[in-house]
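> A structural model of the following input is requested.
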Amino acid sequence: MHIQFFGAARAVTGSKHLITTEKGTKILLDCGLFQGIQTDEFNNTFGFKPSEVDYLILSHAHIDHSGLIPRLVKKGFNGPIYCTSATADLCRVMLMDSAHIQEQDVERINRRRQKQGRPLLEELYSSEDAAQALTLFKPVKYGQTFYVGKENEVAVVLTDAAHLLGSAAVHLTIPDKGTFTQLTFTGDIGRPEDRILKKPDVFPQADIIICESTYGDRLHEKEGDMHAHLLKIVQETCVQNRGKLIIPAFAIDRTQELIYALDQLYSSGKLPRIPVYIDSPLAIRATKIMKDHEECFNPEILAYIEKDGDAFAFPYLHYISDVQDSIALNEKKEPCIIISASGMAEAGRIKHHIKNNIGNPTATILLVGYASANTLAGVLKRGDKQVNIFGEQFEVRCNVTSMESFSGHGDYNEMLDFLSCQNPERVKKVFLVHGEYETQVSFKLKLQNAGFKNIEIPALYENVEI
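Numbers count the residues shown, from 1 in each chain. Reported below is the predicted structural model:
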């Protein structure tokens, strides 16, 4: 058996791990989009032949895990795509939205290239490619065993990873050299005290673990501080400075967590009477999908919904779909909160809102999740004084702050807690993926202190024989 790492290797985007069994079956775990500056080469070429992949098993719907599926299909993949039903529902809107962004971005870039007399570019994939990919999705339930491979050689089970609605850890039982290898791919590990989702499931003993490591070197601020911290930022920006609070947020889960937190502040009478705009058609559709999957919700939010009626609506919350209404937000002078996608500020309407407010000292950009270093959100987070937006340089004169408590990724203690169901002595090897290299080195030491041995940090394209 071989594992080759084609993405999220010493990086946090582009999740792709290809397993080749002893019988030659090829199983791809995730097919994510690389995000950030100078990632076109990685997104255009896979490093393997898509037509030779037999199965795709998808951990969750975030674009850095699912965003290259339409291109995989465009280039020849035609096998089943297994995931949870909630993940399939989210991908129906996310992949079509991603295709629309691809088409818009290429059209904008090509207008410039045409004026310069340069060759025109082709989008990574079209809406038609995304629609074709969606026909291959095969939803399965948590805990349901299904089989893939020649003569159903590989047994697969998905368990709840609590990172995103429908997110899963993937567990494979693979025959190899006369025995069976239990391989777990954690996907992205969620948090045991998530405000919306259930706790992560315990999972069967593994021989091999492919483990994420995004926050392997840090701890999140405590949950008890979150509402007070958010309210303080709202008060300082919108009440004291009379400015706009701009929040880049992933359309799925992160946006809903923000809405839920603001809803709770409203219900407790603490939220100032200022308009809140959810400026993302994708987030609006995702909110509806979340409401349709309350089976993934934890008891606390279900109790709140029973009492409040709706965790995602209050009187001065406005959902914005129309483009002209989105543009009109930039003309408004009064204080407000604008929550818009994408979370890493690499695409979508949020880039326009940042562009129109980045030079305003009364405005605040609040970053509420992980941002890869080369993305716009990552550049803002590290404190750069000038940033590039739509090919133009802008001076950062607004306030920039962050809240880690909204992260959907577990910190190192929460990841160790997730792994605590394992007997480290029986785990033969751990591969750390989905993390910056320095962070992975730090997490490796923590895993060793917890008793895990033979921990590797694979490089991009590295091929490992098990």
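> So residue 359 is in contact with residue 397, correct?
Yes. The criterion here is C-beta atoms under 8 Å, and residue 359 meets it with residue 397 at 4.8 Å. In this view, the C-beta of every residue, glycine as well, is placed from N, C-alpha and C.
> Count residues in the vicinity of residue 167, would you?
30 (other C-beta atoms under 10 Å).
> which residue packs closest to it, ignoring adjacent ones?
residue 60 (3.6 Å; C-beta to C-beta, 6 or more residues apart in numbering).
> Would you mind confirming that that neighbour is in contact with residue 169?
No. Under the criterion of C-beta under 8 Å, residue 60 is not in contact with residue 169, lying 9.8 Å apart.
> any shared contact partners between the two?
Shared contacts of residue 60 and residue 169, defined by C-beta atoms under 8 Å, 6 or more residues apart in numbering, are found at 161, 187.
> Now name the helix or strand holding the nearest residue to residue 286 once chain neighbours are set aside.
Leaving out its chain neighbours, the residue that sits closest to residue 286 by C-beta to C-beta, 6+ apart is residue 252, at 4.3 Å. Applying DSSP states H and E as the criterion places residue 252 outside every helix and strand.
> Need the pLDDT of residue 252.
For residue 252, the pLDDT comes out at 87.
> What residues does it make contact with?
61, 62, 90, 94, 164, 165, 282, 283, 286, 289, 290.
> List the ones among the residues you listed that fall in helices.
90, 94, 282, 283, 286, 289, 290 (DSSP state H).
> If we only consider those residues, which is nearest to residue 264?
Lowest distance from residue 264 to these (C-beta to C-beta) belongs to residue 290, with 16.3 Å.
> so how many other residues sit close to residue 367?
Around residue 367 there are 23 residues (other C-beta under 10 Å).
> hang on, isn't residue 298 packed against residue 191?
No. In this structure residue 298 lies outside contact range of residue 191 using C-beta under 8 Å: 10.8 Å.
> Name the residue in those two with the higher neighbour count.
Counted by other C-beta under 10 Å, residue 298 and residue 191 do not tie: residue 191 has more neighbours, with 24 against 16.
> The more buried one and residue 143: what is the separation?
21 Å (C-beta to C-beta, to the nearest Å).
> repeat for residue 183
Taken as C-beta to C-beta, the span from residue 183 to residue 143 is 17 Å.
> Settle it for me: which of these two has more neighbours?
Taking neighbours as other C-beta under 10 Å, residue 183 and residue 143 compare with residue 183 leading, 26 against 10.
> Can you classify the more buried one as helix, strand or coil?
Under DSSP: H, G, I helix; E, B strand; the rest coil, residue 183 falls in the strand class.
> From what I see, it and residue 205 are in contact.
No. Contact criterion C-beta under 8 Å: residue 183 and residue 205 do not qualify, at 11.4 Å.
> so what sits against both of the two?
When C-beta under 8 Å, 6+ apart defines a contact, no residue borders residue 183 and residue 205 alike.
> number of nearby residues for residue 66?
27.
> How about residues contacting the longest strand that the chain contains?
The longest strand of the chain (DSSP state E) is strand 168-176. Applying C-beta under 8 Å, 6+ apart, the external contacts of strand 168-176 come out as 1, 19, 21-23, 27, 29, 57, 59-60, 83-84, 87, 142, 153-161, 180-187, 189, 200-201, 203-204, 206, 466.
> make it 7 Å
Strand 168-176 is contacted by residues 1, 21-22, 29, 57, 59-60, 84, 142, 153-161, 180-187, 203-204, 466 when judged by C-beta atoms under 7 Å, 6 or more residues apart in numbering.
> Equivalent analysis for stretch 256-263, please.
195-196, 226-227, 230, 247, 249, 271, 276, 278, 287, 290, 301, 311-312, 314, 317, 339, 368, 406.
> pretty sure residue 413 contacts residue 219?
Yes. Using C-beta atoms under 7 Å, residue 413 is in contact with residue 219, at 6.2 Å.
> And for residue 253, nearest residue in space, chain neighbours not counted?
Spatially, and ignoring its direct neighbours in sequence, residue 253 is nearest to residue 164 (4.9 Å; C-beta to C-beta, 6+ apart).
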